[in-house]
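In: Quick one, what's the 3D model for this:
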Amino acid sequence: MREILGEAAWQAIESYVKQVLVGEQIDFELEVQYIEDGPRWIHATYSPDFNAEGQVRGFVVHVLDISERKQAEKALREADRCKDEFLAMLAHELRNPLAPISNAVHIMKLSSLDETQLAWCSDVISRQVEHLVRLVDDLLDVSRISRGKIELKKEALDISTIVQRAVETSQPLINTRRHEFSVSLPTESVCVEGDLVRLSQVVSNLLKCELRAE
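Out: Numbers count the residues shown, from 1 in each chain. Prediction:
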């Protein structure tokens, strides 16, 4: 067996051969490095063959190549891992629009609210609801969940718009921590091509990490 299968394969199955030669029936799955075929997953059954006196005179081997099944199982595990990571990311992102919406609703309840503040609150809620709709669309796209990928909607964006969206999302945490916060933006328009939701999310995450680190 060592000469036919190769030294690596023999080392992998030697213990099973010793077990069957003392009369045990063995059933196992194992990845074996064959001398000719390379690494293969096998499902093997070793059945002892007894003589009339009940002594083991050899054994019968049934080996099934299950490499394709193992590869399919590995692919399924990877897809499941990607799905879990994807859903965990979206679940985290779904929380982000809720804080500015809640903050805007709280402000709208104030009796001293003027038209400018009311318009600001309305804009915040509108933008963040749009953000939520986008995230829910991602959740409902089964094909993207199975691939663990999000869809980027690229467009020409002004850096100031990205920063303002990020600050809007992070403002409730800034207020809770009672931080003094100011934004300095370039006077001229600076444009990039990207996804507004994702880029503002990146900047917002950076702000929140800095706030929590303090």
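In: which regions of the protein lie under the pLDDT threshold?
Out: Of all residues in the chain, those with pLDDT under 70 make up the ranges 141-150, 210-214.
In: Run through the strands of it in chain order.
Out: Ranges of strands in the chain, per DSSP state E, are 26-34, 38-50, 56-65, 155-158, 191-194.
In: now those strands in JSON lines, with distance to Ala99?
Out: Bear in mind the C-beta positions are built from the backbone N, C-alpha and C, glycine included. Below are the strands of the chain laid out as JSON lines (distance: least, Cβ to Cβ, whole Å):
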{"stretch": "strand 26-34", "distance to Ala99": "49"}
{"stretch": "strand 38-50", "distance to Ala99": "49"}
{"stretch": "strand 56-65", "distance to Ala99": "55"}
{"stretch": "strand 155-158", "distance to Ala99": "22"}
{"stretch": "strand 191-194", "distance to Ala99": "23"}
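In: Spatially central residue for this structure, please.
Out: Geometric centre of the chain, nearest residue: Glu85, 2.0 Å, by Cα atoms, centre = their mean.
In: how far away is it from Ala91?
Out: Separation of Glu85 from Ala91 (Cβ to Cβ, to the nearest Å): 11 Å.
In: Ala44 now?
Out: Ala44 is 43 Å from Ala91, by Cβ to Cβ.
In: Just give the number of residues close to Leu98.
Out: 13 (other Cβ atoms under 10 Å).
In: One more: Phe86?
Out: Number of residues near Phe86 (other Cβ under 10 Å) recorded here: 19.
In: From the recorded domain assignment, give the ranges for this structure.
Out: 2-65, 74-149, 152-214 (automatic domain parsing).
In: Assess the claim that Pro186 and Asp158 are in contact.
Out: No. Counting by Cβ atoms under 8 Å, Pro186 does not reach Asp158; the two are 9.7 Å apart.
In: Comparing the two, which shows the higher neighbour count?
Out: Asp158 (15 against 9).
In: which ones are touching the more buried one?
Out: Applying Cβ atoms under 8 Å, 6 or more residues apart in numbering to Asp158 gives the contacts 189-191.
In: and if we set it to 6 Å?
Out: Contact analysis of Asp158 by Cβ atoms under 6 Å, 6 or more residues apart in numbering lists 189, 191.
In: and it, what are its bridge partners?
Out: Cys191 (DSSP bridges).
In: All the helices of the protein, in order from the start?
Out: 2-5, 7-20, 67-95, 98-108, 115-140, 142-147, 159-177, 196-213 (DSSP state H).
In: so how far is His131 from the nearest residue to Thr161 once chain neighbours are set aside?
Out: Excluding the flanking residues, the one nearest Thr161 by Cβ to Cβ, 6 or more residues apart in numbering is Leu196, at 6.9 Å. Applying Cβ to Cβ, the value for Leu196 to His131 is 9 Å.
In: if you count what's nearby, which of these two comes out ahead?
Out: His131 (22 against 19).
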